[in-house]
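Engineer: what's the 3D shape of this:
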Amino acid sequence: MADVTLMALDGDTLDALIWREAALGPAALQPVLAANPGLSTNVELAAGAPVRLPATADTPPVRTIRQIWD
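Structural biologist: Residues are numbered from 1 along each chain as shown. Below is the predicted model of the structure:
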């Protein structure tokens, strides 16, 4: 996975952002914090704040979509 930049919505926390946008859990917080000096896990991010998701973070799980109707 290459580096990706996520954009926060108003009031997002770091863990909520990486969960919603990349399906990454708590184990990904440390690499993301290391790649983004000045960020904290206990404050809300401003709308549009860029958050770099480094390539070293775990890759998101593959989601299988099952269609039950044609």
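Engineer: Check the secondary structure at the closest residue in space to Val51 that isn't next to it in sequence for me.
Structural biologist: Among residues not flanking Val51 along the chain, Leu6 sits closest, at 4.7 Å (CB to CB, 6 or more residues apart in numbering). Every residue, glycine included, has its C-beta placed from N, CA and C. Leu6 falls in the strand class when you classify it by DSSP: H, G, I helix; E, B strand; the rest coil.
Engineer: what sits against Leu6?
Structural biologist: 17-18, 21-22, 50-53 (CB atoms under 8 Å, 6 or more residues apart in numbering).
Engineer: try 7 Å
Structural biologist: By CB atoms under 7 Å, 6 or more residues apart in numbering, the contact list for Leu6 reads 17, 21-22, 51, 53.
Engineer: for Asp15, same thing?
Structural biologist: If you count contacts by CB under 7 Å, 6+ apart, then Asp15 has 26, 29, 41 around it.
Engineer: Buried ones among those residues?
Structural biologist: Leu29 (16 or more other CB atoms under 10 Å).
Engineer: quick check, nearest of the contacts of Asp15 to Asp12?
Structural biologist: Nearest to Asp12 among these: Thr41, at 11.7 Å, using CB to CB.
Engineer: Which pLDDT value does the model give the residue nearest to the closest one when sequence neighbours are not counted?
Structural biologist: Spatial nearest neighbour of Thr41, chain neighbours left out: Leu14 (5.2 Å); criterion: CB to CB, 6+ apart. Note for Leu14: predicted pLDDT of 90.
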